[in-house]
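[1] Below are the sequence and a predicted model; questions follow.
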Amino acid sequence: MDSPHGAAVKAEGFGLKGPRGWVFRGVDLHAAPGSLIALEGPSGSGRTCLLLALTGRMKPTEGHAEIGRHRLPKKMASVRRISALGPVPGVNDLDQALTVAEQLREGALLQRRYDGPLRALLRPRGERRASTEARIAAALAAVGLDPATLPKGSRTSVRDLERLESVRLSLAVALLGNPRLLALDDLDLKLSDAERAEAWALLRSIADRGTTVLAVCSEAPEGVTVLRTVAPGAPATAAAPAAPARPAVAREAGPKITWGLSGGPASPADADAAAGPAPDNDTDGTTAGTTDGTTDRTAKGTTRGEPGTGEDGGAPDASTAEKTAAGKKAATAEKTAAGTEPTTKTTDDEDPKGADDALAETGRA
């Protein structure tokens, strides 16, 4: 679609400063109407901000620029009226929920409502519809997009378009308002070499029709006006010293738990104190190893009958007393050897090992 004339782009000492410092600074540019301008530079060098500033979407901090006789930053609204944005991620993305036809009709409606003359709204509905269809057809022809070649024609969803087809659709929507300056961002993003060459050929054809084109890219082709941006140099940052390794600390052994009792290992002196005095080897079965319980049982056994009497109530004879004493001694020895009566009661403060030693000594006795 032909444009009466493009907009010349001039800039002198153009700069923009943000909260973290200068985004770009000292930009000088002079491009004639209908030029194809490539903003070349690495990501993060202020390419997108420079594009938005030259189209009146961001206010510069220093310097000035002229876009078709409109001086920036004073005439930002006038620059916005004669310029249009193509695909700029995060600014004017296509609606992924719409179809191709719906996206074009929405763009034409918005352009007529806000960018078109007021008298265009007073025309009959049929005339407005015919005019809109003519502008959409001219824009599709300018970008080389034929809806008939799409999988579902004009009813194809925007989300199903390839990257190059999405670029063509965005350019078509931008050209609906016959802009004098057309700007787009990240032209070579996700494009193969063949598709990149095809995209640059498309932009060159639009510029040949008289519209000035401003495109952001990583690598500009030959035969275009190149404006290079440089990423701000980051100050060298010394590497943080590595944290010293922590010395290995041996873990202290926890308290030993024996028979459900928690406590540290007892010393030999404590064990001896808990075990008590060692039994004498010269003692008989009724030694210190016997407990109070055994003594009680012996006393009870002697007091069952009447003291001083025999089986018939008379005076006990010598043989009966000897048999009784021998039987009591034998019973006491058997109970002590079998371990039915423990010789030492273990408390929370005593060492169980010392008690075992005392019990063994008593058994040997």
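    Alright, I've got the coordinates. Numbers count the residues shown, from 1 in each chain.
[2] What are the phi and psi values at residue 10?
    Dihedral angles phi and psi of residue 10 (degrees, to the nearest 10) take the values phi -130, psi 140.
[3] Please report how far it lies from residue 50.
    14 Å (C-beta to C-beta, to the nearest Å). C-betas here are computed from N, CA, C, even on glycine.
[4] For these two, work out which one has more neighbours and name it.
    Using other C-beta atoms under 10 Å, the more surrounded residue of residue 10 and residue 50 is residue 50, with 27 against 18.
[5] which other helices and strands contact the one helix or strand the more buried one maps to?
    If you go by DSSP states H and E, residue 50 is part of helix 47-54. If you count contacts as 3 or more C-beta pairs under 8 Å, 6 or more residues apart in numbering; DSSP states H and E, helix 47-54 packs onto strand 9-18, strand 21-31, strand 36-40, strand 62-67, strand 181-184, strand 212-217.
[6] quick one: contacts of it?
    By C-beta atoms under 8 Å, 6 or more residues apart in numbering, the surrounding residues in contact with helix 47-54 are 9, 11, 14, 16, 23-24, 27, 39, 41, 58-60, 65, 67, 72, 88, 91, 181, 183, 185, 214, 216, 227, 229.
[7] Would you mind checking these for buried ones?
    9, 11, 14, 16, 23-24, 27, 39, 41, 58, 60, 65, 67, 72, 88, 181, 183, 185, 214, 216, 227, 229 (16 or more other C-beta atoms under 10 Å).
[8] how about the CA coordinates for the helix holding residue 50, as CSV?
    Provided in CSV are the C-alpha atoms of helix 47-54 (Å, rounded to 0.1, in the frame of the first residue of the first chain):
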residue,chain,number,x,y,z
ARG,A,47,17.5,-1.1,21.6
THR,A,48,13.8,-1.3,22.5
CYS,A,49,13.9,1.9,24.6
LEU,A,50,15.5,3.8,21.7
LEU,A,51,12.8,2.5,19.4
LEU,A,52,10.0,3.6,21.7
ALA,A,53,11.6,7.0,22.3
LEU,A,54,11.9,7.7,18.5
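[9] Average pLDDT for it, rounded please.
    For helix 47-54, the mean per-residue pLDDT is 94.
[10] Measure how it sits relative to strand 36-40, angle-wise.
    140 degrees (axes from the mean of the first three to the mean of the last three C-alpha atoms, to 10 degrees).
[11] Report the inter-axis angle for helix 47-54 versus strand 9-18.
    Computed by the same axes, to 10 degrees, the angle between helix 47-54 and strand 9-18 is 120 degrees.
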